[in-house]
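# Following is a predicted model, sequence given first.
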Amino acid sequence: MGAVTSSMAAKFAFFPPNPPSYVVDEVSGKLKMTDVAVRDSVDVLKLCTKRGNNIVAMYIKNPSASMTLLYSHGNAADLGQMYELFSELSIHLRVNLMGYDYSGYGQSSGKPSEQNTYADIEAAYRCLVEKYGAKEEDIILYGQSVGSGPTIDLATRLPNLRAVILHSPILSGLRVMYPVKRTYWFDIYKNIDKIPSINCPVLVIHGTADDVVDCSHGKQLWENCKEKYEPLWIKGGNHCDLELFPQYIKHLKKFVGAIEKSRNQRNGQGPISDQLDKPRNSSDFREKPRVSMDQRENSRHSIDLREKPRGSTDRKEKSRASVDKREKSRKSVDRPERAHNHGMDQPEKARNSIDRFGGMMRSVRLCNIDCFKPTATHA
């Protein structure tokens, strides 16, 4: 059964850049990445995972930071391609930032698999705590696309975590390809089953025009969070271009600022090893199939029902139960309603502080647009 799960993951989820975009060299006793700018604030590391792989990670120091972002990148990308974005995020969000390459990505050893990515993010987290002295309550986990899998898995085992950011996340690997309503044993990254166990604020960012992972994935995950933060649905945003929209960095800064001001008071944490060794509720391929959170949605009242009624061209219009139904109904309204979430607005003009994002992101392909579509060459 494990072989079947690994085969599913390799076929549908993992496409590391080939060849890698960088090489790691040792210069004066320190590791350096080639083909990227050399900065004193960046440490390049090799970390050994509990599954025996050596993964490459980078740590970007920000002297004014009080929090640290642990970023799990999307598909068909490696640290060389993510380097400039990571540097910009560290500056604009005023955070320390650690990024890492999954097993089999970049110059990391091993092969990509679901279980390996769980071990990879654990190794990166341990490094933050043990080498850089980061505290669990000051760490934000950031997962993009496939990276939402290891991000959510780790978040369920860190009760004092500060926050989670999910960028174009997936409900599960199988649900990206087929609209299934239950969880099967051979599925991978069963995020929809795990997300109710996260005990910290969760921000979800998704593009409404995403043609790889439909926006409904982000919406369902957000609806099943315990601690919801105002989501960002970027109107017209696709799977790999959300960083180009000015509201992306604006909303991230707002979120980071909010959680920086309101530290959640939590009980003291146990030893790191105790938390990381807790069994996962839904990632074990041996467990019996369970009905997913999808089927429970119908019994829930949407968050929108608790909102105050908004003005519209027809005051007699009935309140709708979900975001999806509202979007469909807008097509019949002569004068479009103004979305209640500012992330749905048309992209505003970029400000000077984020001008560099556009040019930089246009030159970098961060995710393979066909990353979840099975092909004969990757069978």
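Received, thanks.

# Let me know the pLDDT of Ser28.
Ser28 carries a pLDDT value of 78.

# An error on my part: the question was meant for Phe186.
Reported pLDDT for Phe186: 89.

# could you pull out the helices for the stretch 101-250 of the chain?
114-130, 148-155, 173-177, 191-194, 215-223, 246-261 (DSSP state H, counting those that start in this stretch).

# do you know how far Ala123 is from Glu84?
24 Å (Cβ to Cβ, to the nearest Å). Every C-beta, even on glycine, is put in place using the N, C-alpha and C of the backbone.

# which of these two has more neighbours?
Ala123 (22 against 18; other Cβ atoms under 10 Å).

# need the contact list for Gly80.
Pro20, Ser21, Tyr22, Met33, Asp35, Val36, Gly106 (Cβ atoms under 8 Å, 6 or more residues apart in numbering).

# residues contacting Asp210?
Counting by Cβ under 8 Å, 6+ apart, Asp210 makes contact with Ser168, Gly237, Asn238, His239.

# Ok, Lys32 next?
If a contact means Cβ under 8 Å, 6+ apart, then Lys32 has Val24, Asp25, Glu26, Val38, Val44 as its contacts.

# Arrange the residues you listed in TSV, one row each, with distance to Lys111 and neighbour count as further columns.
Below are the contacts of Lys32 laid out as TSV (distance: Cβ to Cβ, whole Å; neighbours: other Cβ atoms under 10 Å):
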residue	distance to Lys111	neighbour count
Val24	19	18
Asp25	24	11
Glu26	25	9
Val38	30	9
Val44	22	20
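
# Next, format these as CSV and append distance to Ile140.
Output for the contacts of Lys32, formatted as CSV (distance: Cβ to Cβ, whole Å):
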residue, distance to Ile140
Val24, 26
Asp25, 31
Glu26, 31
Val38, 27
Val44, 22
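
# What about the residues you listed, which are in helices?
Secondary structure from DSSP state H places none of those in helices.

# which of those residues lies closest to Asp101?
The closest of those to Asp101 turns out to be Val24 (Cβ to Cβ; 10.2 Å).

# Grab the nearest non-local neighbour of that closest one.
Excluding its sequence neighbours, the residue lying closest to Val24 (Cβ to Cβ, 6 or more residues apart in numbering) is Gln107, at 5.0 Å.

# what's the span of stretch 178-192 from first residue to last?
15 Å (Cα to Cα, to the nearest Å).

# for that stretch, which positions count as buried?
Residues Thr183, Asp187, Ile188, Tyr189, Lys190, Asn191, Ile192 are the ones in stretch 178-192 that count as buried (16 or more other Cβ atoms under 10 Å).

# I'd say the third one and Arg175 touch.
No: if you go by Cβ atoms under 8 Å, Ile188 and Arg175 don't touch, sitting 10.4 Å apart.

# Next, count neighbours for the residue nearest to Val24.
Neighbour tally, Gln107, other Cβ under 10 Å: 20.

# Is Val256 in contact with Val95, as I believe?
Yes: contact criterion Cβ under 8 Å: Val256 and Val95 qualify, at 6.8 Å.

# Quick one: end-to-end distance for stretch 207-227.
Separation of the first and last residues of stretch 207-227 by Cα to Cα is 21 Å.

# Which of the helices or strands spans Phe86?
Element membership of Phe86, judged by DSSP states H and E, is helix 79-93.

# Between helix 246-261 and that helix, find me the angle.
Here helix 79-93 points in a direction 60 degrees away from that of helix 246-261 (axes from the mean of the first three to the mean of the last three Cα atoms, to 10 degrees).
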